[in-house]
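Trainee: attaching a predicted model along with its sequence, questions to come.
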Amino acid sequence: MTPRSILSTEDFEKIRRLDTCTVSNAIERFNVRLRNEGFVHGCVHCQFPNFQPMLGYAVTARARSSSAPMAGRCYYDRMDWWEYVLTIPEPRVMVLQDIDHQPGIGAFVGEIHAQIGLAVRCVGCVTNGAVRDLPAVEQAGFHLFAGSVAVSHAYAHIVDFGEPVEIGGLKIHPGDLVHGDRHGVHTIPLGIASEIRKVAADLVAEEHALIELCRSPGFTLKELAARLQKTNPR
């Protein structure tokens, strides 16, 4: 990742305030990917839907929990993992692919891992595996998007890191811009990210105008059709 691919603080904060549906609609206007690509589907759910949207650069790893690691006890003590995390621009999102045949046997992230993550400027975690300690993690303000919730961490450990991973049909590379909220998780192409806020503002204005039309006493299908020809509503 080069410095040119990192968003300015102003652009980053403006995107972070937007919900994923609005940003997804904005991305569609650029025609940089198919509309059935770019987002996690099926296997991952937002654990804290009342949180504000999450935005950060991906730090990636593959992990498993069904069998003991070859060395060490768990991925808390993988200092090479944490050192890798610091190589990606902040704020960061941990993206952990559970590669077990049955993902979610053990929880990959709980209270301790969330606190370490916050200390190294991670704002959340996306995994097809399991998480735990939900009340404590929620209180800490750490986002969790996970396939399931588990009682035990079992033999949770990092297998490798720093390479592309796949979560719910979405391939995520180190340094990708990851955006998530109660609706789900997607990536924002860095090549258009600085233009998202303006396009999103235009879309919101168009949608508000359509809503006002629908609520007005003078609503007609003819006027609706005319408006829809000029807009791209949800």
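Mentor: Received the coordinates, thanks.
Trainee: who's in contact with the biggest helix by length in the chain?
Mentor: In the chain, assigned by DSSP state H, the helix with the most residues is helix 196-215. Residues from elsewhere that reach helix 196-215, judged by Cβ atoms under 8 Å, 6 or more residues apart in numbering: 11, 14-15, 18, 22-23, 25-27, 29-30, 188, 219, 223-224, 227-228, 230-234. All C-beta spots, glycine's among them, are computed from the backbone N, C-alpha and C.
Trainee: any idea how far that helix is from the middle of the chain?
Mentor: Computed by Cα atoms, centre = their mean, to the nearest Å, the separation of helix 196-215 from the middle of its chain amounts to 24 Å.
Trainee: helix or strand right after it?
Mentor: helix 221-228 (DSSP states H and E).
Trainee: would you mind writing the CA trace of that next one as PDB?
Mentor: Provided in PDB are the C-alpha atoms of helix 221-228 (Å, rounded to 0.1, in the frame of the first residue of the first chain):
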ATOM      1  CA  LEU A 221     -47.300   7.900 -11.000                       C
ATOM      2  CA  LYS A 222     -46.400  10.100 -14.000                       C
ATOM      3  CA  GLU A 223     -44.300  12.400 -11.900                       C
ATOM      4  CA  LEU A 224     -42.700   9.500 -10.100                       C
ATOM      5  CA  ALA A 225     -41.800   7.900 -13.400                       C
ATOM      6  CA  ALA A 226     -40.200  11.200 -14.500                       C
ATOM      7  CA  ARG A 227     -38.200  11.500 -11.400                       C
ATOM      8  CA  LEU A 228     -37.000   7.900 -11.500                       C
END
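Trainee: and stretch 160-177, which residues are buried?
Mentor: Phe161, Gly162, Val165, Ile167, Gly168, Leu170, Ile172, Pro174, Gly175, Asp176, Leu177 (16 or more other Cβ atoms under 10 Å).
Trainee: got the phi and psi for the second one?
Mentor: Its backbone dihedrals place Gly162 at phi 80, psi 10, with angles given as degrees, to the nearest 10.
Trainee: can you check the fourth one too?
Mentor: Here is the backbone geometry of Ile167 (degrees, to the nearest 10): phi -120, psi 120.
Trainee: correct me, but it touches Asn128?
Mentor: Yes - in this structure, Ile167 is within contact of Asn128 by Cβ atoms under 8 Å, at 5.1 Å.
Trainee: shared neighbours of the two, which are they?
Mentor: Shared contacts of Ile167 and Asn128, defined by Cβ under 8 Å, 6+ apart, are found at Cys43, Val44, Gln97.
Trainee: just the ones of those residues in strands?
Mentor: Counting by DSSP state E, those place Gln97 in strands.
Trainee: could I get the shared contacts of Ile167 and Asn128 as CSV with pLDDT, neighbour count and distance to Asp202?
Mentor: Output for the shared contacts of Ile167 and Asn128, formatted as CSV (pLDDT from 0 to 100; neighbours: other Cβ atoms under 10 Å; distance: Cβ to Cβ, whole Å):
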residue, pLDDT, neighbour count, distance to Asp202
Cys43, 85, 17, 33
Val44, 96, 23, 30
Gln97, 98, 23, 36
